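Asker: next comes the sequence, and after it the predicted model I'd like to discuss.
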Amino acid sequence: MARIMKYEFIKNRFRYLVMIAIMIIVEVAFLISNAVSYRISSGMSVILILAGLGTLLIVIFEGIAMYNRDLREKSGYMLFMTPLPSWQILLGKITVILIVGSALFIGYCFLGFADIHLIASAMKRDDPTSSLVPAIAKLLDSLYSGDTVITLIKLLICIICLVTYLLCLAYLASTISASVLRGKKGEKLISVVLFLALFILVVYISSKISNIADAVSLGMGTNGLELKLFENFNEAGASIIFELGCSAAAFAASAYLLEKKVDI
Amino acid sequence: MDFTNDKPIYLQVIEDITSRIVSGEIAVGEKLPSSRELAVTYRINPNTASRVYAELDRRGIVFTKRGIGTFVSDGNVSDLKHEKITKAVGEFVETMRGLGLNDKEIEAELSAYLKERN
Amino acid sequence: MKIQCEGLTKRYFAKRAVDQVNLELTGGHIYALLGPNGSGKSTLMKLLSGLVKKSEGSISVDGKQLDWRAREDISYTPTEPFFYSYMKVSDVAAYYDDFFKDFDRARFYDLIKDMELTPDMKVRSLSSGMLAKVKIAAAMARRSKLILLDEPFNGIDLLSRDALAKTIIGEMSEGSSLVISSHMVEELESLVDTAIFMKNGRIAEMSDVEGLRIKENKSIADKYREIYSEV
């Protein structure tokens, strides 16, 4: 499996470098604007968040598209002629996407922390009388007083869980459509529709079990700006377990189909 | 080497090798290529190449020393030459007869041709 | 190594690409898999390599049902370019070395050198003739028990074909088997010992090349015409 992961990295190395380059460019732009005025840089921080979300989405989307290429294009022979069972091939691919996604997430979190500090000091420099100065200071205090690291780990777990079941469901949809509709027109469309149906079903059932969305909120509280993360994480746990169960089932079904039914 | 479609390939290769032995291109006692090398040279199947040597061995044209190689036997070259001559003359005579010549006429044609060539 | 197919069938919807094939392949042979386009040659090869999954019947390798483990010993080389586009010749060697225990890297580089190619060449920018050479070198540098070459001479000039055929003969390991598919029958005439003729997904005939010449005074090209010209 390590060998599969190695070549998934090598195949995508250029894309991953571009993503790191985007991260660096956006951060440099932030630093320059922050030197000019916090008003510009606080706007820039939104771009940083969007870049983070965007690259994460691209990693996931590319991961799904890559698997579809492996199933349909000639280069798939390279992957599937290896003497490895299908589950190892699939697990290798998914693990690489999760590692890259997590690395990007952690990278952006680091930058986010550093940038909040930079904005706060730029605010003191540019506009010392603003009412936002104490609010930001309080927010920073709360970030360090609370178990922020634990909260972020919880968030990372949630994201990994979300990405895992997104990937597993998408892989299952692609695998089913490849095994049933081998080479027919509309195969891709069917796999997209199938994926959406599976996704909505899982999200619906999951929301009935408990609500992860409620676990995250950002708003003005009595102490100023308040970021609430996972106060009811334990409750959300049931959903997470359900989603991971669905991922495992989808993964097993994909591996089985790939081994027995899908023609390369 | 180009092979004809009507005869087994191993026989065609044997023809070629024996001709080269008779002409002296391959000397008596000379070590022949391994059967794999033979296959590559003639662009033939390795099993066909093994069959060539087995058949040459059976006819006493070559002998194989285990682990050392295959060599051209010294005993049979004159027989082989004689055999080839008989075969070539036979074919020539058959062709001439096919053209309606009798033995005397064949002899006359042959001497005339040889005289002219020399 | 012995490969046995019994009642092997592959359906694509209503079409039977491979239909009730019974076949036995044993070690030490070079087989020609012959037939016009669409006769099922490629599908049969992909079935044997485990890339295409059977609809009915069985494929066994030394008595065991074929599964992913068979890819350790069976190599399949498709007609189309299939190396990753980022790869140089040296990356192909590294990839094969990483995944296949039977791959002999030194032998691969020797073959590459003989073919007047260099390790730093980009696979993507090779001509079809050069790419065919890299594919043959990679396939033959694996000491697989069964090597499946799908139309290896497609789109290659006469001299290169000759050189490739010689490489194949010279590099074939003792006791292993080779299946070469082609619609250019003359090309395989002297190279193979057994010819498998496919027609509409079925095996129309399986002939020993020399036996055919001895018994019927026919080459496989003659036999080919006989089988496929009757309508």
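Answerer: Perfect, I can see it now.
Asker: switch to C-alpha atoms for all contacts and neighbour counts from now on
Answerer: OK.
Asker: which positions in the lengthiest helix in chain B come out as buried?
Answerer: In chain B, assigned by DSSP state H, the helix with the most residues is helix B:77-98. Neighbour-count burial for helix B:77-98, counted by 16 or more other C-alpha atoms under 10 Å in any protein chain shown, picks out B:Val77, B:Leu80, B:Lys81, B:Lys84, B:Val93, B:Met96.
Asker: return the distance of stretch C:142-151 from the chain's centre.
Answerer: 6 Å (C-alpha atoms, centre = their mean, to the nearest Å).
Asker: buried ones in that stretch, by neighbour count?
Answerer: C:Arg142, C:Arg143, C:Ser144, C:Lys145, C:Leu146, C:Ile147, C:Leu148, C:Leu149, C:Asp150, C:Glu151.
Asker: next one: stretch A:188-207
Answerer: Neighbour-count burial for stretch A:188-207 [16+ other C-alpha under 10 Å]: A:Lys188, A:Ile190, A:Ser191, A:Val192, A:Leu194, A:Phe195, A:Leu196, A:Leu198, A:Phe199, A:Val202, A:Ser206.
Asker: now render the buried residues of helix B:77-98 as a markdown table, adding distance to chain A and pLDDT.
Answerer: Formatted as a markdown table, the buried residues of helix B:77-98 follow (distance: C-alpha to the nearest C-alpha, whole Å; pLDDT from 0 to 100):
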| residue | distance to chain A | pLDDT |
| --- | --- | --- |
| B:Val77 | 54 | 76 |
| B:Leu80 | 53 | 79 |
| B:Lys81 | 55 | 83 |
| B:Lys84 | 54 | 85 |
| B:Val93 | 62 | 93 |
| B:Met96 | 62 | 92 |
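Asker: show me the subset of those residues that also lies near chain C.
Answerer: Checked against chain C using C-alpha under 8 Å from any C-alpha of the partner chain, the buried residues of helix B:77-98 yield no neighbours at all.
Asker: distance to C:Phe108 added to those, as CSV?
Answerer: Listed next are the buried residues of helix B:77-98 as CSV, based on distance: C-alpha to C-alpha, whole Å:
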residue, distance to C:Phe108
B:Val77, 42
B:Leu80, 43
B:Lys81, 44
B:Lys84, 44
B:Val93, 55
B:Met96, 56
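Asker: residue boundaries of the strands in the chain?
Answerer: You didn't say which chain, so I picked chain A. Along chain A, counting by DSSP state E, strands occupy A:216-221, A:224-229.
Asker: ah, no, chain C please
Answerer: C:3-12, C:15-25, C:30-34, C:56-61, C:64-65, C:74-77, C:146-150, C:177-182, C:194-199, C:202-208.
Asker: return the most buried member of the ones you listed.
Answerer: strand C:30-34 (a mean of 27; mean count of other C-alpha atoms under 10 Å in any protein chain shown).
Asker: distance from it to the middle of the chain?
Answerer: Using C-alpha atoms, centre = their mean, the offset of strand C:30-34 from its chain centre is 8 Å.
Asker: beta partners of the residue minimising distance to the centre of chain C?
Answerer: The residue lying closest to the centre of chain C (C-alpha atoms, centre = their mean) is C:Leu149, at 2.2 Å. Per DSSP bridges, the residues bridged to C:Leu149 are C:Thr77, C:Ile180.
Asker: just the pLDDT for it.
Answerer: Predicted confidence (pLDDT) for C:Leu149: 95.
Asker: output the buried residues of stretch A:188-207 as CSV; include the columns distance to chain C and pLDDT.
Answerer: Below are the buried residues of stretch A:188-207 laid out as CSV (distance: C-alpha to the nearest C-alpha, whole Å; pLDDT from 0 to 100):
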residue, distance to chain C, pLDDT
A:Lys188, 18, 82
A:Ile190, 17, 87
A:Ser191, 18, 88
A:Val192, 22, 89
A:Leu194, 21, 90
A:Phe195, 23, 91
A:Leu196, 26, 91
A:Leu198, 26, 91
A:Phe199, 28, 88
A:Val202, 30, 86
A:Ser206, 35, 79
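Asker: export the residues you listed as CSV, with columns for distance to A:Tyr144.
Answerer: Output for the buried residues of stretch A:188-207, formatted as CSV (distance: C-alpha to C-alpha, whole Å):
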residue, distance to A:Tyr144
A:Lys188, 47
A:Ile190, 48
A:Ser191, 45
A:Val192, 43
A:Leu194, 44
A:Phe195, 40
A:Leu196, 40
A:Leu198, 40
A:Phe199, 36
A:Val202, 36
A:Ser206, 32
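Asker: which members of those residues additionally contact chain B?
Answerer: Within the buried residues of stretch A:188-207, nothing lies near chain B by C-alpha under 8 Å from any C-alpha.
Asker: so which of the residues you listed comes closest to C:Lys113?
Answerer: A:Lys188 (42.9 Å; C-alpha to C-alpha).
Asker: let me see the contact set for the closest one.
Answerer: A:Ser174, A:Ser177 (C-alpha atoms under 8 Å, 6 or more residues apart in numbering or on different chains).
Asker: is the residue nearest to the centre of chain C in contact with C:Thr77, as I believe?
Answerer: Yes - using C-alpha atoms under 8 Å, C:Leu149 makes contact with C:Thr77 at a distance of 5.1 Å.
Asker: for residue 18, give me the pLDDT.
Answerer: Here I'm looking at chain A. pLDDT, A:Val18: 93.
Asker: switch to chain C, that's the one I care about
Answerer: 93.
Asker: any weak-confidence spans in chain C?
Answerer: For chain C, the stretches flagged by pLDDT under 70 are C:230-231.
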